[in-house]
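Novice: When you get a sec, could you give me coordinates for this:
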Amino acid sequence: MRFLHRVYQIACADFAVRIRYERYKRRHWRLHRAFPFLSWAYLLFLAVCRKVLRIRAEERLTYPESSMRIYPAPARFLRRCAQAKAVAFQVVGTLLLARSADPIPRWNAVGYRLRVADYPSVRREAAAEASRRAGGAATQEQVCAVLQEWLGIPSEELCRQEQESLRAFLIPNPYFLKILPCLRARGQRVLAVDETGLPAAFWEELLAENGLSLERVYAAAGGQKLWRSVRAAEGDSAMYVGSDAETVRAAGRRGQLFPDLFQACALYRPESSGSTVSSVYASIVAVHLHAEERFASRFYEHGFAYGGILVYGFCSWLDDLARRKRYDGLLFLARDAQILYEIYRRYFGSVPSYYLSISRLASMKVVFPQYSHVFWEMAVRAKARKKASMTVREALEQVGLGELLPLPVRANVAGEDRLDARAAEALCRYLSEIRSKIAEIYAADTAAFEEYFAPMIRGKKRVCVVDLGWRGTIFTMLAKYVERTHPETEVRGAMVGTTNSALSNYLVDSKQLDSYLFSHTKNVRNIVGERELMLLETLFSSAQASTVGYRTDGDGVARPVFGRPENARQGAFEEMRRGMSDFCALFHEARNCLPYPLQISAEDAYAPIRQINRNRRYNLALYGDLNASPEPNGRPVALRKLLREMNG
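Specialist: Residues are numbered from 1 along each chain as shown. Next up, the predicted model:
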């Protein structure tokens with residue numbers, strides 16, 4: 001047995017193997033009890049597939065996730081219950097679902113209010129002692145009586161705090177909000193059973209508060225004892241429905257094992273870090289995508305399940321950072337930070353915030369010619385290194401220098417020439433010679449930008465520039481502009497993440513820039529490559545075209561000028577943003593149920609999107625019909641093509 005136990009420990013050390021094995025035992029508990037060697041054979045099969053054949057089960061999951069039916073179709077479930085005169089439902093896990101996939105956060109909330117450290121462990125030991133004294137499963141009152149002896153806290157207060165925690169953490173299962181009225185309409189009695197040892201009166205009140213009215217609640221400590229009470233009162237025609245295997249076994253043929261929602265979709269989630277955040281996140285996604293019987297679009301689901309927690313976590317971190325560093329203004333940049341700006345203003349907003357339409361091209365126009373070396377690199381040399389063929393004319397028109405055409409003979413390059421390395425160097429030499437002329441062309445953009453930008457920082461002493469990432473180029477140029485035109489204002493930066501580049505490393509080391517997820521000094525193993533950067537930028541992209549400059553309209557109002565739209569399927573970006581927004585609303589609600597502040601660590605915020613971004617098949621299917629343009633006014637390129645190139 002020691003050998004078998006050791007084999008079990010080694011095999012189940014892998015999260016995917018453990019989840020699938022435990023799910024098999026739950027679904028086939030009768031077979032597992034009668035023929036345990038079959039379960040061991042299945043475990044060995046899973047381990048071989050994972051460790052030897054390198055088959056990753058999580059890459060073969062059904063997507064969109066909401067299309068995978070965990071609960072049976074309502075009509076099918078009602079047919080199963082047709083012959084029963086009474087249907088008794090398990091309360092927790094069936095009629096009511098927890099806001100956290102793990103019960104530990106609920107017990108921690110009780111401990112926080114009672115000022116008892118590690119309350120879950122103390123409570124577990126007290127329950128074992130109470131059961132020993134009672135000679136069987138103990139009720140809540142018996143457990144709290146033991147806790148009173150150990151902690152010196154009145155048992156009445158302990159019971160009250162535990163029940164209040166349940167009220168805050170339990171929500172109605174949307175699936176059964178539709179099922180119960182159908183059962184009552186057929187004349188069947190609808191009952192509830194609870195084996196946790198809490199009083200039946202408490203459950204009757206809580207179920208009614210959540211819109212789940214039932215004829216009666218049976219409560220007892222222990223599944224077998226509970227089912228005997230139900231059968232004695234309701235007769236042999238009563239049926240039990242729940243996720244508690246012990247009570248299902250006690251009910252025999254009249255027992256119906258109902259899926260445990262959190263366990264059934266655990267493979268879709270990252271392995272839990274044990275934190276409250278990861279548990280609350282898993283619950284929100286499971287309930288929203290599965291219990292509500294919705295079929296979400298793949299883009300909405302992507303934003304909800306993978307981007308939402310990152311957005312909320314960053315905004316929470318940013319709000320704390322702004323207070324600590326005493327910023328009196330936040331500037332959210334470009335299209336990438338639009339959803340960040342919206343969520344920050346909706347749920348935080350302790351510091352005044354503004355949305356600044358800008359891009360690398362627009363910022364280069366504003367600071368030209370001080371950053372002409374950056375301009376040559378991004379507007380010319382970087383384009384020459386790309387695989388896509390481009391002419392000199394296209395490169396100049398993209399950056400608003402089309403009026404320089406046709407180029408003179410002394411430029412040693414023509415507009416129709418292919419922009420290769422030779423042409424790029426010749427063009428850079430010529431542009432450097434006419435630097436003053438380029439500055440004149442961009443002068444209108446610079447003047448309009450000042451009118452547009454000045455009201456945002458007027459009267460501000462410390463301003464934080466907020467961007468998605470990654471090198472800090474726009475932040476650097478904007479900070480230089482503010483230093484030159486508004487020297488009374490100090491500018492610092494905050495980003496979701498930075499790459500391991502010379503510029504971003506310098507900005508982090510010199511304390512000019514703070515990074516949430518990762519940098520060369522923080523969570524280094526999470527720094528992403530070019531492929532992951534593109535996926536993150538697509539997630540945070542916007543239906544709005546990129547900013548290419550600034551102009552003052554005829555009415556005297558300075559506004560940003562936008563380039564050509566990159567994608568015909570702009571609804572995809574709106575769907576992803578709506579998904580992120582909906583997740584943030586649900587997480588904010590759940591967060592307010594805790595008696596202590598809930599901070600989302602960088603690891604918890606990044607784990608979901610990191611896991612799905614490594615799934616090549618998923619991303620090819622998701623983004624296959626979308627286009628992207630690396631540069632404003634550039635030629636759109638299919639994301640599927642870019643992803644395949646980056647995967648070799």
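
Novice: what's near enough to touch Ala84?
Specialist: The contact partners of Ala84, by Cβ atoms under 8 Å, 6 or more residues apart in numbering, come to Gln188, Ser237, Ala238, Met239, Arg254. No exception for glycine: its C-beta is placed from N, CA and C like everyone else's.

Novice: Of the residues you listed, just the buried ones, PyMOL syntax please.
Specialist: To isolate the buried subset of those in PyMOL, counting by 16 or more other Cβ atoms under 10 Å, use the following:
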select buried, resi 188+238+239+254
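
Novice: Among the contacts of Ala84, name the ones in strands.
Specialist: Ala238, Met239 (DSSP state E).

Novice: and which of the contacts of Ala84 is nearest Arg346?
Specialist: Gln188 (43.8 Å; Cβ to Cβ).

Novice: how much space between the closest one and Arg249?
Specialist: Gln188 is 23 Å from Arg249, where distance means Cβ to Cβ, to the nearest Å.

Novice: Same question for Ala192.
Specialist: 19 Å.

Novice: The two: which has the busier surroundings?
Specialist: For Ala192 versus Arg249, neighbours defined as other Cβ atoms under 10 Å are more numerous around Ala192 (24 against 16).

Novice: Surely that one forms part of a strand?
Specialist: Yes: checked against DSSP: H, G, I helix; E, B strand; the rest coil, Ala192 lies within a strand.

Novice: count of neighbours near the closest residue to it other than its chain neighbours?
Specialist: Leaving aside its chain neighbours, Ala192 sits nearest to Val217 (4.5 Å; criterion: Cβ to Cβ, 6 or more residues apart in numbering). Val217 is flanked by 22 other residues according to other Cβ under 10 Å.

Novice: what does whichever strand or helix holds Val217 rub up against?
Specialist: Per DSSP states H and E, Val217 falls inside strand 216-219. If you take Cβ under 8 Å, 6+ apart as the criterion, strand 216-219 is touched by 88, 91, 189, 191-200, 203-204, 207, 226, 229-230, 233.

Novice: Which of the residues you listed fall within helices?
Specialist: Judged by DSSP state H, the contacts of strand 216-219 include Ala200, Trp203, Glu204, Leu207, Leu226, Ser229, Val230, Ala233 as members of helices.

Novice: Tell me the one of those residues nearest Phe45?
Specialist: Using Cβ to Cβ, the ones in helices among the contacts of strand 216-219 come closest to Phe45 at Leu226, 36.1 Å.

Novice: Could you give the number of residues near the closest one?
Specialist: Leu226 has 27 nearby residues by other Cβ under 10 Å.

Novice: Model confidence for the nearest residue to Val548 once chain neighbours are set aside, exactly?
Specialist: Nearest residue to Val548, sequence neighbours excluded (Cβ to Cβ, 6+ apart): Gly563, at 4.3 Å. As predicted, Gly563 sits at a pLDDT of 79.

Novice: One more: Pro636?
Specialist: As predicted, Pro636 sits at a pLDDT of 66.

Novice: Also the one 10 residues further on?
Specialist: Met646 is assigned 58 on the pLDDT scale.

Novice: re earlier: ok, now how distant is the residue nearest to Ala192 from Ala423?
Specialist: For Val217, the distance to Ala423 - Cβ to Cβ - is 80 Å.

Novice: and what of Val465?
Specialist: Applying Cβ to Cβ, the value for Val465 to Ala423 is 35 Å.

Novice: And Trp317, by the same measure?
Specialist: 45 Å.

Novice: Equivalent analysis for Ile474, please.
Specialist: In terms of Cβ to Cβ, Ile474 sits 27 Å off from Ala423.

Novice: Tell me which helix or strand comes right after whichever helix or strand Ala130 is part of.
Specialist: According to DSSP H and E, Ala130 maps onto helix 119-134. Once the chain leaves helix 119-134, the next helix or strand it forms, by DSSP H and E, is helix 140-151.

Novice: just checking, what packs against that next one?
Specialist: Contact partners of helix 140-151 among helices and strands, from 3 or more Cβ pairs under 8 Å, 6 or more residues apart in numbering; DSSP states H and E: helix 119-134, helix 155-169.

Novice: Buried residues, the longest one. List them.
Specialist: Right, the one you point to is helix 119-134. Tyr119, Pro120, Val122, Arg123, Ala126, Ala127, Glu129, Ala130, Ser131.

Novice: That one versus helix 155-169: what angle between them?
Specialist: For helix 119-134 against helix 155-169, the angle by axes from the mean of the first three to the mean of the last three Cα atoms, to 10 degrees is 130 degrees.

Novice: Tell me how far helix 119-134 lies from the chain's centre.
Specialist: 36 Å (Cα atoms, centre = their mean, to the nearest Å).

Novice: I'd like to know how many residues surround Arg381.
Specialist: 15.

Novice: Would you confirm that it contacts Ala424?
Specialist: Yes: shown here, Arg381 and Ala424 form a contact pair, counting by Cβ atoms under 8 Å, at 5.2 Å.

Novice: between the helices and strands packed on helix 140-151, which gets nearest to Ser350?
Specialist: Ser350 lies closest to helix 155-169 among those, at 24.8 Å (Cβ to Cβ).

Novice: what's the angle from that closest one to helix 140-151?
Specialist: 120 degrees.

Novice: Quick check: can you name the pairing partners of the very next helix or strand once past helix 155-169 and their directions?
Specialist: From helix 155-169 onward toward the C-terminus, using DSSP H and E, the following helix or strand is strand 170-172. Applying DSSP bridges to the sheet, strand 170-172 is found paired with strand 96-98 (antiparallel).

Novice: Now the helix holding Ala130 - C-alpha only, PDB.
Specialist: The C-alpha trace of helix 119-134 is given here as PDB (Å, rounded to 0.1, in the frame of the first residue of the first chain):
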ATOM      1  CA  TYR A 119      -9.400  29.900  12.000                       C
ATOM      2  CA  PRO A 120      -9.900  27.200   9.300                       C
ATOM      3  CA  SER A 121      -7.400  24.900  11.000                       C
ATOM      4  CA  VAL A 122      -8.700  25.600  14.500                       C
ATOM      5  CA  ARG A 123     -12.200  25.000  13.300                       C
ATOM      6  CA  ARG A 124     -11.300  21.800  11.600                       C
ATOM      7  CA  GLU A 125      -9.700  20.400  14.700                       C
ATOM      8  CA  ALA A 126     -12.700  21.500  16.800                       C
ATOM      9  CA  ALA A 127     -15.000  19.700  14.400                       C
ATOM     10  CA  ALA A 128     -13.000  16.500  14.800                       C
ATOM     11  CA  GLU A 129     -13.100  16.800  18.600                       C
ATOM     12  CA  ALA A 130     -16.800  17.600  18.600                       C
ATOM     13  CA  SER A 131     -17.500  14.500  16.400                       C
ATOM     14  CA  ARG A 132     -15.400  12.300  18.700                       C
ATOM     15  CA  ARG A 133     -17.500  13.500  21.700                       C
ATOM     16  CA  ALA A 134     -20.800  13.100  19.900                       C
END
